[in-house]
Each structure stands twice: as structure tokens, then as C-alpha cells.
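J.: predicted model follows, preceded by the sequence.
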Amino acid sequence: MADERLIAALDVHTREAVERLVGQLGDSVSYYKVGMELFYALGGDVVTWLKGEGKKVFLDLKLHDIPNTVAGGLCSLLRLRPDILNVHTAGGLRMMRTAAEALHRAAEEEGVPCPKLIGVTVLTSMDAEDWTGLGHTGTVADAVLHRASLAQEAGLDGVVASPVEAEAIRRACGRDFWIVTPGIRPAGAAHDDQRRVMTPAAALRAGSSQIVVGRAIYAAEDPRAAAEAVLKELEEI
């Protein structure tokens, strides 16, 4: 079986591109991220198709609204049977708690496994300058750790955070708390618009549960070879 610690990002916007990339990656990748670009283009059908192909799906829509709206949105997405859903921790403790309770209740009523629910802490594209520009006085690292603790208190299964903060989150939140990390760049790869980045192996050593790799795989001349290079690195951990 493919190593489920690797989540390949389907940051494309056509069904043809999805099927081509999934076909190229074959059995080397079993877990995919469907984000806003793809979901807004194709809707839930793309998740249904991936599940039909035997793949697992992280539906990365970062829900952020009033508690009742986020809770209802998650319950609507449950019908697609994603394996991971997420909300934005900036919505606060009450929003996260309401969302988690509603999702668990809906899954129980439908008799289906409840997806993992994780909270986005601070986007990996943000650096200290971006953060202070928003009016924050503390550091990004302090904010990430605080939001991770709030997510755990609210009953979420884990967070999305950069690999740079993974070690501190793991120490604070324990071994069972799920940490999904984007901002993964294999050695020598361009950072593009990411700021707080790390290599795949370094991220897992720091405490990440799963890593999300996007452009380094889907924009590669040979996506399967690129994915297998990442997987080979993970074998060491």
C-alpha cells in the first residue's frame, strides 16, 4: 500500500487534469488533497470520483464563518465521505466546538465513520512581516501554538500548521494530535509563495503526521518519479 503520510495536492481545475495526474501517480499515491481551486471548479463530483478510485481525500476548504453556518457546511460535506475536513481556527473556540459536535453527531446519525476534523492555524505563505502587517503583536509561532491548543480544547482531531511549528505543537498537544503540514519542499525545489517550509523527512522528524506536497509533484516533468522521490525520503523515518 502507498504511504498515507504523503498527501498529493490536486491543485488543478479540470477533470481532465485530475484524471491525468491520478493516472500518472497510479498506486504510488493513495491520499489526495482537494482544495478550493478544484472544488469550486468541479464541485463534489471530483471527491466522489476519487473515492470511487479507492483514494482517500483531504477536503481542504478552510471553513470560517459563524458557528451554525460552519457546522451546517461540514454536515453537508459529510455526504461526500471525505477522510479529512478542516475549518479555520481564526473562527474561535465556540465555532470549532460547535462544528466538531455537529459533525460527530451527523456521522453517528448516518452510521458512517466521522472524518478527521482539523483546524488551519496560520497559512504557510505568511511570514513575520505579513503577520505584523495584520496588526498582531506576538509571533507567528506563538499564534500557531495558541490556536492549536484551542483546536484541541474544542475537540478537533488536529491542525494544519507549517512544519516549522510541528515540534512545538507535538510537545504541547501530545502524540495523538494530528498535524498536517503543507509548506513541504524537497531539497532543491523552489519555495514559490511558501515561506515557512521544510523538507519531507525533516517535517516528519519534527512531528508532522502527514505532509501535503503540491507543485513539487504535479508540476514536475515526471510526477510519479517526483512522488516516489518523496516516498523514498519518507522510508527513512
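T.: In hand now; what should we look at?
J.: packing partners for the worst-scoring helix or strand of the chain on mean pLDDT?
T.: Across the helices and strands of the chain, mean confidence by mean pLDDT, DSSP states H and E is lowest for helix 128-133: a mean of 88. Counting contacts by 3 or more Cβ pairs under 8 Å, 6 or more residues apart in numbering; DSSP states H and E, the secondary-structure elements packed against helix 128-133 are helix 140-154. Backbone N, C-alpha and C define where each C-beta goes, glycine included.
J.: how far off centre is the helix it packs on?
T.: Relative to its parent chain, helix 140-154 has a centroid offset of 16 Å by Cα atoms, centre = their mean, to the nearest Å.
J.: all helices for the protein, in order.
T.: Remark: helices of the chain, listed N- to C-terminal, are 15-25, 36-42, 45-52, 67-77, 93-110, 128-133, 140-154, 163-173, 200-206, 215-218, 223-234; assignment by DSSP state H.
J.: what's in contact with the least confident helix or strand of the chain?
T.: Contacting residues not belonging to helix 128-133 are listed as 122, 139-140, 143, 195 [Cβ atoms under 8 Å, 6 or more residues apart in numbering].
J.: repeat for stretch 6-13
T.: Surrounding stretch 6-13, the residues in contact under the criterion Cβ under 8 Å, 6+ apart are 18, 21-22, 25, 29, 31-35, 37-38, 41-42, 46, 58, 180, 182, 200, 210-215, 217-218, 227, 230-231, 234.
J.: are any of those buried, and which?
T.: Buried subset of the contacts of stretch 6-13 (neighbour count, 16 or more other Cβ atoms under 10 Å): 18, 21-22, 25, 29, 31-35, 38, 42, 46, 58, 180, 182, 200, 210-215, 217-218, 227, 230-231.
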